[in-house]
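> Show me the folded form of this:
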Amino acid sequence: MNRLIYLSSASLVVHVIFTLAGCLQSKPLLEGHWAVVRVVDSAPISAMGPDDEQAHVGQTFLFKPNEWAFEDMVCNEPTAHSTPTLPQTFFDEYRIEPEQDWLKGSRVVEFKCQRGDFVSPVLLKDGRFLFVLDGVLFEAKQIEPHSP
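Okay, here's the model as predicted:
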C-alpha cells in the first residue's frame with residue numbers, strides 16, 4: 001500500500017513538473033493585427049531621427065500562422081517561443097532605460113523564420129509588446145485577434 005502511494009505521489013510530481021515546463025515554454029499568442037502606438041525610447045546610437053520614429057507610429061503588424069509581416073519585412077513559416085531571458089536584459093542589450101511597468105509580468109519572445117527577414121526579440125505583456133527597430137524602442141498593441 002505504501003509503495004502505491006509513493007508511486008502515485010511521484011507520478012503527480014512528474015506531471016506537475018511537465019505541466020509547469022509546458023506553461024513556461026508555451027507558444028506566445030501573437031496572431032492577429034497589431035498597431036505601433038508610440039515611440040518608447042531610443043538607444044544612444046540610432047539610425048532614425050524624430051521624424052522617422054514618428055512615421056512608424058500607426059503602422060500595423062499582421063501575425064498569421066504561416067506569415068508575419070510589418071511594412072516591407074516578411075517572416076515566412078514563423079515560430080515563436082518564450083525564453084528565460086529577463087526583461088531587464090532585453091533593455092540592457094539595446095542600452096535603453098527600462099520602463100518599470102515592463103520589468104514584471106512580461107516575457108521575452110524570440111522568433112525564427114524559415115524564409116524571409118530576421119525578426120529581433122520582443123518583450124510581450126498584456127496584449128502589448130515592445131520591439132526595437134534601428135535602435136528605437138516602439139510599443140505595439142493588439143487591435144484585432146486573428147480569426148481563422
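
> Now stretch 136-148: buried residues?
Within stretch 136-148, the residues that qualify as buried by neighbour count (16 or more other CB atoms under 10 Å) are 136-140, 142. Glycine gets a C-beta too; all of them are placed from N, C-alpha and C.

> And for stretch 83-93?
87, 90-91.

> Over to stretch 36-50?
36, 39-42, 46, 48.

> one step back: from the buried residues of stretch 83-93, which is closest to V109?
V109 lies nearest to F90 out of the buried residues of stretch 83-93, by CB to CB, at 9.9 Å.

> Wasn't F91 part of a helix?
Yes. Counting by DSSP: H, G, I helix; E, B strand; the rest coil, F91 is found in a helix.

> ok, now how distant is the residue nearest to it when sequence neighbours are not counted from K104?
Distances taken as CB to CB, 6 or more residues apart in numbering place P98 nearest to F91, at 4.0 Å, with adjacent residues excluded. Noted for P98: a distance of 11 Å to K104, by CB to CB, to the nearest Å.

> Quick check on those two: which one has the bigger neighbour count.
Ranked by neighbour count (other CB atoms under 10 Å), P98 and K104 place P98 first, with 18 against 8.

> Compute the first-to-last residue distance for stretch 35-51.
18 Å (CA to CA, to the nearest Å).
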